[in-house]
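Chemist: Coordinates for the following, if possible.
(chains A and B)
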Amino acid sequence: GAVVSQHPSRVICKSGTSVKIECRSLDFQATTMFWYRQFPKQSLMLMATSNEGSKATYEQGVEKDKFLINHASLTLSTLTVTSAHPEDSSFYICSAGGTYLYGYTFGSGTRLTVV
Amino acid sequence: AQSVTQLGSHVSVSEGALVLLRCNYSSSVPPYLFWYVQYPNQGLQLLLKYTSAATLVKGINGFEAEFKKSETSFHLTKPSAHMSDAAEYFCAVISEEGGSEKLVFGKGTKLTVNP
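Modeler: A predicted model of the protein is given here:
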């Protein structure tokens, strides 16, 4: 089945620095990937839809300049949290390969802690 | 836009007892529905999906769900709970907005299995 690899699984960074999270489709090509954010004990909130070769589509209320998304190839999308602050600490999850027929495959998530 | 409502943020059952997790959808057209499971600090794993074929859908790990149009429900069940079923469960629906398709999640139900 479809496998989505997300890296790193955990990262701690200092306030003001930037962090990059990678999402790779290992055995299929993904023209579209999705980035979610999950607060403790809450559901997943879609942040943006990443489209290969074009600009990402951000959900309302998500800062484009804060959360930079790059989908440069059919197997890789990256989310960069720029100038991170403690309030950016969260669990970030990507998904790919989604269609209503096949469901959506999720990465294992990245726990970001900004200190 | 389509949405789902999960009744009960916490469900506690004894090992061997029936598991029932409730999900109601809001859609004026036949929806595409999913149940996902999330273990601590991990991504989401697809349990099962409804794509307008059979109304009773069987998934992995002994779970199944029945699509009931008259009740706008898609409840998740398992005849006999195992300790390993303890996790967070999310119901989700495909929502099409602005020409794009995305997955919308319920708030989740945390399942506790008592020995």
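Chemist: contacting residues around residue B:10?
Modeler: Taking Cβ atoms under 8 Å, 6 or more residues apart in numbering or on different chains, we find residue B:10 in contact with B:109, B:110, B:112. C-beta: built from backbone N, CA, C; applies to glycine.
Chemist: Quick check: of those residues, which has the highest neighbour count?
Modeler: Neighbour counts for the contacts of residue B:10, by other Cβ atoms under 10 Å in any protein chain shown, peak at residue B:109, which reaches 20 neighbours.
Chemist: Look up how far chain A lies from that one.
Modeler: For residue B:109, the distance to chain A (Cβ to the nearest Cβ, to the nearest Å) stands at 10 Å.
Chemist: which residues does that residue bridge with?
Modeler: Counting by DSSP bridges, residue B:109 is bridged to residue B:89.
Chemist: Looking at the contacts of residue B:10, which one is closest to residue B:17?
Modeler: residue B:112 (11.5 Å; Cβ to Cβ).
Chemist: which SS state does the spatially most central residue of chain A fall under?
Modeler: Centroid-nearest residue in chain A: residue A:35, 3.6 Å away (criterion: Cα atoms, centre = their mean). Secondary structure, DSSP: H, G, I helix; E, B strand; the rest coil: residue A:35 is strand.
Chemist: what residues are up against the residue nearest to it when sequence neighbours are not counted?
Modeler: Among residues not flanking residue A:35 along the chain, residue A:47 sits closest, at 4.6 Å (Cβ to Cβ, 6 or more residues apart in numbering or on different chains). Going by Cβ under 8 Å, 6+ apart, residue A:47 touches A:35, A:36, A:37, A:58, A:59, A:62, A:67, A:79.
Chemist: which residues touch the last one?
Modeler: For residue A:79, the contacting residues are A:20, A:21, A:23, A:35, A:47, A:67, A:68, A:69, A:92, A:94, by Cβ under 8 Å, 6+ apart.
Chemist: Which positions in chain B make contact with chain A?
Modeler: Residues of chain B lying near chain A by Cβ under 8 Å from any Cβ of the partner chain: B:32, B:34, B:36, B:41-46, B:49, B:51, B:90, B:94, B:100-108, B:110.
Chemist: picking that back up, and the contacts of residue A:79, which is closest to residue A:53?
Modeler: Nearest member of these to residue A:53, counting by Cβ to Cβ, is residue A:69, at 12.6 Å.
Chemist: All the strands of chain B, residue numbers only.
Modeler: B:3-7, B:10-14, B:19-26, B:33-38, B:44-50, B:56-58, B:64-68, B:73-78, B:87-97, B:100-105, B:109-114 (DSSP state E).
Chemist: May I have the beta-bridge partners of residue B:3?
Modeler: residue B:26.
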